[in-house]
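Enquirer: what's the 3D shape of this:
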Amino acid sequence: MEQSAQTQVESIDVAPPPDAKQACINMGLQWFEIIPEVDQTTVNLIDPELAVRLRVLPIIVKNERLHVAMLSPNDIEAADEVSTVTNYPVSRCGMEPDIFSELMQKHYGTTAARMAESLGGKSTSSEVDDHNIDAIEADSILVMAEQPTLINLVNLLLLEAIQQRASDVHIEPFETELKVKYRIDGVLEEQPPPPKHLQPALIGRIKIMSSMNIAERYVPQDGHIALRFEGRKVDIRVSTVPTLYGESVVMRILDKSSMPLDFISLGMTAEMQKKVDKLIAKPHGLVLVTGPTGSGKTTSLYAALNKLYDPRKKIITIEDPVEYELNGINQIPVNPKRGLTFASGLRSILRQDPDIIFVGEIRDGETADIAIRSALTGHLIFSTIHTNDAVSSIGRLIDMGVEPYLVASVLEGALAQRLGRRICENCKEQVSLSEDLSHRLTADERELFSAGMWVGTGCKKCNNSGFKGRVGFFELVAVNPALRSAVSENKTSIELANTLPSSHQTMREDAVSKAVNGITTIGEVLRATQDIDNDF
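Expert: Numbers count the residues shown, from 1 in each chain. Coordinates of the predicted model:
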């Protein structure tokens with residue numbers, strides 16, 4: 001890619017830290033409140049990928065110094081990196097965020113898709129033949145993957161995904177095309193595809209970045225990438241699997257700065273938060289969070305651990321993998337290849353004199369049995385389990401071989417949850433309830449939407465999707481004496497549900513209330529909870 005090639009920055013609308021202007025004044029740095037003249041030759045000193053990643057804009061070289069506008073002028077590490085790349089001493093300056101965004105768009109305005117198009121050029125039918133791709137030697141892939149232009153392309157794909165708040169990047173090979181998709185707010189959105197003949201180099205570059213074996217293309221592999229973006233560390237978990245037309249790659253983006261660590265941000269009502277606070281404050285027992293993969297179970301438990309953190313308490317987690325690093329908490333990654341499983345790790349944790357233990361997932365009877373007995377000996381245990389609702393988690397433990405009386409003795413509560421998309425606050429409006437949604441609601445639910453339903457019409461801030469961010473739908477079951485007695489008698493899930501108080505709120509009811517209040521849409525409620533209540 002030529003130095004003048006440009007990078008997509010339409011999504012740079014994030015303000016600098018609140019103290020950025022004051023920090024500039026305190027350090028005696030220049031602060032621009034009007035658009036300055038920018039020398040294009042100076043702009044070309046820094047690759048677009050680096051400029052977007054560091055949030056910097058070279059303005060001019062004056063008196064043998066490079067003057068650089070920065071979204072965060074106190075980011076010394078970014079300034080040092082610019083200096084190393086350009087071989088100029090750097091003078092930092094600040095700028096109003098709207099001016100900075102406008103200039104970045106003007107000087108670095110091309111998407112990764114355009115870069116891929118210019119890099120790929122024309123491809124022939126033989127170039128997209130999957131057999132030819134398979135025949136390419138590992139040494140050739142290594143050479144292609146180390147080309148600076150290809151490196152910039154992969155970096156741009158990741159940076160654009162982070163800017164768009166994607167949780168995952170999917171690269172899927174097919175017979176004549178290579179698809180790229182970002183999972184944004186839980187939904188996959190297809191991106192402009194790079195040329196098919198870039199597939200070996202593109203996937204090879206990702207495998208190099210994640211320390212995988214590029215010569216091995218016929219077995220699944222897992223890896224890890226650490227990026228620095230806007231002054232923060234972003235971890236990326238990488239998985240590859242062989243498919244009919246090459247390796248499929250999924251990169252899960254773990255951005256701690258975007259993870260809410262309080263229950264209100266997750267979407268809990270104040271009333272439910274009080275109940276959860278009371279539940280997790282118990283001195284011992286077992287607390288479960290249940291739901292399918294990707295429903296935010298781990299995030300909820302991280303929020304609980306964050307709330308409970310006290311330097312006077314020993315908190316240990318065992319996870320697969322450790323998704324986010326929590327300050328002051330001992331976190332252990334599962335490593336089955338070396339014999340460290342949930343069960344063996346939990347046994348070792350008990351010898352560390354912990355007060356609170358977080359087990360990433362109860363997958364088998366051995367782990368369940370150890371967790372139950374740990375709770376019996378005075379520990380507070382948090383864990384996740386895969387069931388459709390809160391009450392079903394009780395039956396799941398019993399199915400794993402745990403005696404009903406033991407479950408009844410230690411279980412303090414279960415939180416079931418799903419995730420739905422939030423309506424964009426910038427473009428939401430109320431419209432009449434549509435007929436196709438109306439017939440899927442009960443009469444009582446339809447009455448709640450007599451004034452209409454909330455939708456997002458789509459705008460620039462939400463990429464015309466109508467949604468921005470996600471919100472949790474919750475159901476909390478706190479074990480009361482009646483439920484505890486029913487569990488010990490090994491009653492069915494239906495019988496257990498009948499012991500819940502009349503004030504109990506189901507996940508469906510929680511989700512519907514959020515749709516009524518304009519937090520989410522009815523469509524999201526039906527998508528997330530339609531398998532919860534069979535009556536609907």
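Enquirer: tell me the secondary structure for Gly413?
Expert: Following DSSP: H, G, I helix; E, B strand; the rest coil, Gly413 is assigned to strand.
Enquirer: what's the answer for Thr299, then?
Expert: Following three-state DSSP, we place Thr299 in the helix state.
Enquirer: how far away is it from Leu254?
Expert: 11 Å (CB to CB, to the nearest Å). For the C-beta atoms, the positions are set from N, CA and C on the backbone; glycine is no exception.
Enquirer: check Asp80 too.
Expert: From Asp80 to Leu254 the distance is 26 Å (CB to CB).
Enquirer: so which of the two has more stuff around it?
Expert: Leu254 (19 against 11; other CB atoms under 10 Å).
Enquirer: for that one, which non-adjacent residue is closest in space?
Expert: Asp235 (4.3 Å; CB to CB, 6 or more residues apart in numbering).
Enquirer: same check on Ala368?
Expert: Among residues not flanking Ala368 along the chain, Met400 sits closest, at 4.5 Å (CB to CB, 6+ apart).
Enquirer: ok, the residue nearest to the spatial centre of the chain - contacts?
Expert: Central residue of the chain (CA atoms, centre = their mean): Ser167, 3.9 Å from the mean position. When contacts are counted by CB atoms under 8 Å, 6 or more residues apart in numbering, Ser167 is found next to 183-184, 186, 252-253.
Enquirer: please state the backbone phi and psi of the residue nearest to Ala368?
Expert: With angles defined as degrees, to the nearest 10, Met400 sits at phi -80, psi 0.
Enquirer: quick check: pLDDT value at it.
Expert: Among the per-residue scores, Met400 holds a pLDDT of 94.
Enquirer: stretch 455-463: end-to-end distance?
Expert: 15 Å (CA to CA, to the nearest Å).
Enquirer: show me which residues of it are buried.
Expert: Neighbour-count burial for stretch 455-463, counted by 16 or more other CB atoms under 10 Å, picks out 455-456, 459, 462-463.
Enquirer: tell me the one of the residues you listed nearest Ala69?
Expert: Asn463 (26.0 Å; CB to CB).
Enquirer: and that closest one, what does it touch?
Expert: Asn463 sits next to 164, 184 when contact means CB under 8 Å, 6+ apart.
Enquirer: what's the answer for the one 4 residues further on, then?
Expert: Under the criterion of CB under 8 Å, 6+ apart, the contact list for Phe467 reads 185, 421-424, 456.
Enquirer: how does it look with 10 Å?
Expert: Phe467 makes contacts with 184-187, 420-424, 427-428, 455-456, 458, 520-521, 524, as judged by CB atoms under 10 Å, 6 or more residues apart in numbering.
Enquirer: just the ones of those in strands?
Expert: Secondary structure from DSSP state E places 184, 187, 420-423, 428, 455-456 of the contacts of Phe467 in strands.
Enquirer: buried stuff in stretch 476-494?
Expert: Under the neighbour-count criterion of 16+ other CB under 10 Å, stretch 476-494 has 476-479, 483-484, 486-487, 490-491, 493 buried.
Enquirer: please compute how far that stretch lies from its chain's middle.
Expert: Relative to its chain's centre, stretch 476-494 lies at 34 Å (CA atoms, centre = their mean, to the nearest Å).
Enquirer: and Ile99, how many neighbours does it have?
Expert: When neighbours are defined as other CB under 10 Å, Ile99 has 16 of them.
Enquirer: how near is the closest residue in space to it that isn't next to it in sequence to Val68?
Expert: Among residues not flanking Ile99 along the chain, Ile35 sits closest, at 5.5 Å (CB to CB, 6+ apart). Per CB to CB, Ile35 is found 16 Å from Val68.
Enquirer: neighbour count winner among the two?
Expert: The neighbour comparison of Ile35 against Val68 (other CB under 10 Å) goes to Val68, with 26 against 14.
Enquirer: quickly list what the more buried one is bridged to.
Expert: Beta bridges link Val68 to Pro58, Arg92 when assigned by DSSP bridges.
Enquirer: surely it and Pro36 touch.
Expert: No. The criterion here is CB atoms under 10 Å, and Val68 misses it with Pro36 at 11.7 Å.
Enquirer: that older thread, any idea how far Tyr302 is from the residue nearest to Leu254?
Expert: To Tyr302, Asp235 is 14 Å away according to CB to CB.
Enquirer: likewise Asn152?
Expert: Taking CB to CB as the criterion, Asn152 is separated from Tyr302 by 34 Å.
Enquirer: contact partners for Ser248?
Expert: Residues near Ser248 by CB under 10 Å, 6+ apart: 170-174, 179, 203, 220, 239-242.
Enquirer: that one: what secondary structure?
Expert: Using three-state DSSP, the structure places Ser248 in strand.
Enquirer: for the contacts of Ser248, which one is nearest Lys282?
Expert: Checking those against Lys282 by CB to CB gives Ser239 as the nearest, at 37.0 Å.
Enquirer: can you pull out the strands in the stretch 51-200 of the chain?
Expert: Along the stretch 51-200 of the chain, counting by DSSP state E, counting those that start in this stretch, strands occupy 56-62, 65-70, 90-95, 166-173, 178-184, 187-191.
Enquirer: Lys307: which of the ones you listed is closest?
Expert: Of all the strands of the stretch 51-200 of the chain, it is strand 166-173 that lies closest to Lys307, at 23.4 Å by CB to CB.
Enquirer: so which bits of that closest one are buried?
Expert: Within strand 166-173, the residues scored as buried using 16+ other CB under 10 Å are 166-173.
Enquirer: identify, from these, the entry nearest to Thr377.
Expert: The nearest member of these to Thr377, counting by CB to CB, is Ser167 at 37.5 Å.
Enquirer: got phi/psi on Ile372?
Expert: Dihedral pair for Ile372: phi -60, psi -50, per degrees, to the nearest 10.
Enquirer: nearest spatial neighbour of Ala166, skipping sequence neighbours?
Expert: Among residues not flanking Ala166 along the chain, Tyr182 sits closest, at 3.8 Å (CB to CB, 6+ apart).
Enquirer: what about Asp235 and Tyr302, which has more around it?
Expert: Using other CB under 10 Å, the more surrounded residue of Asp235 and Tyr302 is Tyr302, with 23 against 18.
Enquirer: what's the longest helix in the chain?
Expert: helix 148-163 (DSSP state H).
Enquirer: quick revisit: which among the ones in strands among the contacts of Phe467 end up buried?
Expert: Taking 16+ other CB under 10 Å as the criterion, what is buried in the ones in strands among the contacts of Phe467 is 184, 420-423, 428, 455-456.
Enquirer: got a markdown table for the buried residues of strand 166-173, with pLDDT too?
Expert: Shown next, in a markdown table, are the buried residues of strand 166-173 (pLDDT from 0 to 100):
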| residue | pLDDT |
| --- | --- |
| Ala166 | 91 |
| Ser167 | 90 |
| Asp168 | 94 |
| Val169 | 95 |
| His170 | 97 |
| Ile171 | 96 |
| Glu172 | 96 |
| Pro173 | 95 |
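Enquirer: list just the nearest of the residues you listed to Leu376.
Expert: Using CB to CB, Ser167 comes nearest to Leu376 of the buried residues of strand 166-173, at 37.2 Å.
Enquirer: state the distance from the closest one to Gly294.
Expert: 8 Å.
Enquirer: any common contacting residues for those two?
Expert: Common neighbours of Ser167 and Gly294 (CB under 10 Å, 6+ apart) are 183, 186.
Enquirer: who's in contact with the nearest residue in space to Gly285 that is not next to it in sequence?
Expert: Leaving aside its sequence neighbours, Gly285 sits nearest to Glu412 (CB to CB, 6+ apart; 3.8 Å). Counting by CB under 10 Å, 6+ apart, Glu412 makes contact with 278-280, 282, 284-288, 375, 380-381, 478-479, 484.
Enquirer: pLDDT score assigned to Glu412?
Expert: The model's pLDDT for Glu412 equals 96.
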